[in-house]
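Asks: Below is the structure, and that's it, no one-letter string:
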């Protein structure tokens, strides 16, 4: 039980290099991750300041939560995007919307979130604050509380500014029983809005293609839309078409149901700006990520009702029935009827035809 | 709604660079993060293979969970460590123990976890598999189920191999009411084992100091220990001394209770190998992270009983009463009585005297 108190000279030098010299420092340092005073101040003056709510107590190792009765649902998502900020959102709002939306499309009411931040040494405090503010706004909009969090500081060069991970708890409606196994032949596929906006907006924001445009990410909480949908008895399943876009959602569903999916190209809403970008760069918007859209599978009896409901909501103005499930001997294919009247198979995404945007 | 199907030549070249050429590829590529087939295979063949359980269904956006009645607790933690593997554990087992322990010290029974993985392009599959296997073992040991997960692949040079974040749900014992506000003057401080082993083991594993030794991290689930402690009515509060070590825990408690803490250096268990490393490098083991220890605050009436219980468990053999809360006019200080009989103040960790090890 002998221990040393000596602090050799070389360590002193290293310490001074890492040490935030005063409150006026504008960037994150490694010392903000060491568990001591700087970390406490970072958490209090940035995270708690904006994200505080009655259930957030950073002095606790674990937060008590008291969801109402019903089926509890749990989900998690990680977020990495370049650039950190883009028209229509930033990685902060995205980190809230993404997890809220995973709960929402499961038919649940999102309630509680936890937040992990991996912050790169050198990130500007002003940038971090903008991200956290957007996060707070998105959480308020979605009606969720952030109840616990953790920050890690990673050395300069790692971490790409910041990565977030959020985990959510929601409570399901006991009368709403959704599942891929509920999907029947003839069921219709509705998308709540235009596809590919998020993916295209992030690509443009990178400016590596030398393109500019007024494209905006569709990032938003879809809970108002899913809440409407779960009231309809014919609703079978919902998903938010993020990584891999609606093409990937359709693939997963065709594979899981062993049915074919027939899509009509002219019914799939794609904004003109997205079409133009895809035209120039050779991307297919069906594979581009959305961050504020829902794909709903619904019985033909209820599809018009859902379309009607969604179109009355600002987020669902461009909602459209884009296809249906069909039974065929040669199953699990996604077939699209092109605008010229031909047919082509939508293949599963294999390699990396898209810039990594989420 | 016009979209292009052309794939310009330069994109084709880029795609082929990123594309895993066959199943025999030994490293993670960016294509494993795109939402398509390679991602699905990565998840199925590595994560699901080892972490599968009755509540894990990767086809769902959110997992239904059904905890027993009681106060639900939620916590989250992020993990970054260099090297990824060290004597006594790796970042995989650490990611499970860390979150399980945060629930355990809150007096809860850990039940469900979610997992985020930020994996660096170029990570060897064999390394990833070892981490996931350790994770599976740690989860089984702690009796928790991983119910949801998410993977993101970050470009080579970012991400330091892998970062994990885990979020946990546990259920509290309704009869056990712990809190910093329950701590009284005279309450005793017990640590469940030697301090600083994890921090020292990770430092040695880096080999950047040219030192070698048989030090082993203490990383473990502390749930068996906290379960014993919560049966004692005199238990006030528990915490696991991770980042910042027991010095930081004592600081937080002194600050929150506005009492002084008096520690006895000769009662604080420090393994010889840890003492030697600290002696050479000039670190103080009180600030080094533990990953399998508990600091319990307990009334003097029950402290001997807890010591007895813990010492009978393999994880608690070195348990020791290390100090107590005292009331003084000049409050919120942590004072240590040295082995030579003097007194010194333990200061709050300010800068970065320690290598970042968690």
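Replies: The structure has been received and is ready for your questions. A quick note: this is a predicted structure, and the numbers were derived from the prediction, not measured.
Asks: what's around residue A:281, how many residues?
Replies: Residue neighbour count, defined by other C-beta atoms under 10 Å in any protein chain shown, stands at 20 for residue A:281. No exception for glycine: its C-beta is placed from N, CA and C like everyone else's.
Asks: isn't it right next to residue A:203, touching?
Replies: Yes: A contact is recorded between residue A:281 and residue A:203 when judged using C-beta atoms under 8 Å, the distance being 7.2 Å.
Asks: for chain B, what are the nearby residues on the stretch 201-350 of chain A?
Replies: Where the stretch 201-350 of chain A comes near chain B, counting by C-beta under 8 Å from any C-beta of the partner chain, the residues are A:239-240, A:242-245, A:248, A:252, A:256, A:265-266, A:268-270, A:275, A:278-286, A:289, A:339, A:348-350.
Asks: Please narrow these to those residing in helices.
Replies: Residues from these lying in helices, with DSSP state H as the criterion: A:245, A:248, A:252, A:256, A:275, A:278, A:279, A:280, A:281.
Asks: still on that earlier bit, list buried residues within the residues of the stretch 201-350 of chain A next to chain B.
Replies: A:239-240, A:242-245, A:248, A:252, A:265, A:268-270, A:275, A:278, A:281-286, A:289, A:348-349 (16 or more other C-beta atoms under 10 Å in any protein chain shown).
Asks: Just give the closest residue to whichever residue of the stretch 251-358 of chain A sits closest to chain B, not the sequence neighbours.
Replies: When you check the stretch 251-358 of chain A against chain B by C-beta to the nearest C-beta, the closest residue turns out to be residue A:349, at 2.9 Å. Taking C-beta to C-beta, 6 or more residues apart in numbering or on different chains as the measure, residue A:349 lies nearest to residue B:36, with 2.9 Å between them; neighbours along the chain are not counted.
Asks: what about the one you found, distance to residue B:345?
Replies: Distance of residue B:36 to residue B:345, given as C-beta to C-beta, to the nearest Å: 58 Å.
Asks: who has more neighbours, those two?
Replies: For the pair residue B:36 and residue B:345, the greater number of neighbours falls to residue B:36 (24 against 9), based on other C-beta under 10 Å.
Asks: my guess is residue A:73 is in a strand, correct?
Replies: Yes: inclusion of residue A:73 in a strand is indicated when DSSP: H, G, I helix; E, B strand; the rest coil is applied.
Asks: most centrally placed residue in chain A?
Replies: Most central residue of chain A, judged by C-alpha distance to the mean C-alpha position with C-alpha atoms, centre = their mean, is residue A:98 at 2.5 Å.
Asks: how distant is stretch A:74-92 from the center of its chain?
Replies: Going by C-alpha atoms, centre = their mean, to the nearest Å, the spacing between the C-alpha centre of stretch A:74-92 and its chain's C-alpha centre is 7 Å.
Asks: Equivalent analysis for stretch A:254-273, please.
Replies: From the chain centre to the centre of stretch A:254-273 is a distance of 21 Å (C-alpha atoms, centre = their mean).
Asks: next one: stretch A:102-117
Replies: A distance of 11 Å separates the centroid of the chain from that of stretch A:102-117, by C-alpha atoms, centre = their mean.
Asks: Quick one: check it for contact with chain B.
Replies: Yes: among the residues of stretch A:102-117, A:102, A:103, A:105, A:106, A:108, A:112, A:114, A:115, A:116, A:117 lie within reach of chain B under C-beta under 8 Å from any C-beta.
Asks: Quick check: the farthest pair among the ones in helices among the residues of the stretch 201-350 of chain A next to chain B?
Replies: With distances taken as C-beta to C-beta, the most widely separated pair in these is A:256 and A:280, at 34.6 Å.
Asks: helix, strand or coil for the closest residue in space to residue A:255 that isn't next to it in sequence?
Replies: Spatially, and ignoring its direct neighbours in sequence, residue A:255 is nearest to residue A:332 (5.2 Å; C-beta to C-beta, 6+ apart). Each residue gets one of three states, and residue A:332 gets coil by three-state DSSP.
Asks: For residue A:332, the count of nearby residues, please.
Replies: Neighbour count for residue A:332, taken as other C-beta under 10 Å: 15.
Asks: again, but for the one 4 residues further on
Replies: Applying other C-beta under 10 Å, we find 21 residues neighbouring residue A:336.
Asks: Surely it is within a helix?
Replies: No: Residue A:336: not assigned to a helix; according to three-state DSSP it is strand.
Asks: so residue A:283 sits right up against residue A:277, yeah?
Replies: Yes: contact status for residue A:283 versus residue A:277: in contact at 7.4 Å, counting by C-beta under 8 Å.
Asks: shared neighbours, those two?
Replies: Both residue A:283 and residue A:277 are in contact with A:200, A:203, where contact means C-beta atoms under 8 Å, 6 or more residues apart in numbering or on different chains.
Asks: What about residue A:55, how many residues nearby?
Replies: If you count neighbours by other C-beta under 10 Å, residue A:55 ends up with 16.
Asks: ok, it touching residue A:147?
Replies: Yes: checked against C-beta under 8 Å, the pair residue A:55 and residue A:147 is within contact range at 4.7 Å.
Asks: where do the contact lists of those two overlap?
Replies: With the criterion set as C-beta under 8 Å, 6+ apart, the overlap between the contacts of residue A:55 and residue A:147 is A:63, A:65, A:112.
Asks: between these, which has the most around it?
Replies: Each of the shared contacts of residue A:55 and residue A:147 was scored for neighbours by other C-beta under 10 Å, and residue A:112 scores highest at 25 neighbours.
Asks: Provide the strand pairings for the helix or strand containing that residue, with the direction of each partner.
Replies: Using DSSP states H and E, the element containing residue A:112 is strand A:108-120. Here strand A:108-120 is paired, per DSSP bridges, with strand A:145-154 (parallel), strand A:162-172 (antiparallel).
Asks: so after the longest one, what's the next helix or strand?
Replies: This points to strand A:162-172. Reading on from strand A:162-172 to the C-terminus, the next helix or strand found by DSSP H and E is strand A:188-191.
Asks: That following strand pairs with which strands?
Replies: strand A:295-298 (antiparallel), strand A:320-326 (antiparallel).
Asks: Work out the gap between that strand and the centre of the chain.
Replies: Per C-alpha atoms, centre = their mean, the displacement of strand A:188-191 from the mean C-alpha position of its chain is 20 Å.
Asks: what about it, average pLDDT?
Replies: Predicted confidence along strand A:188-191 averages 98 (mean pLDDT).
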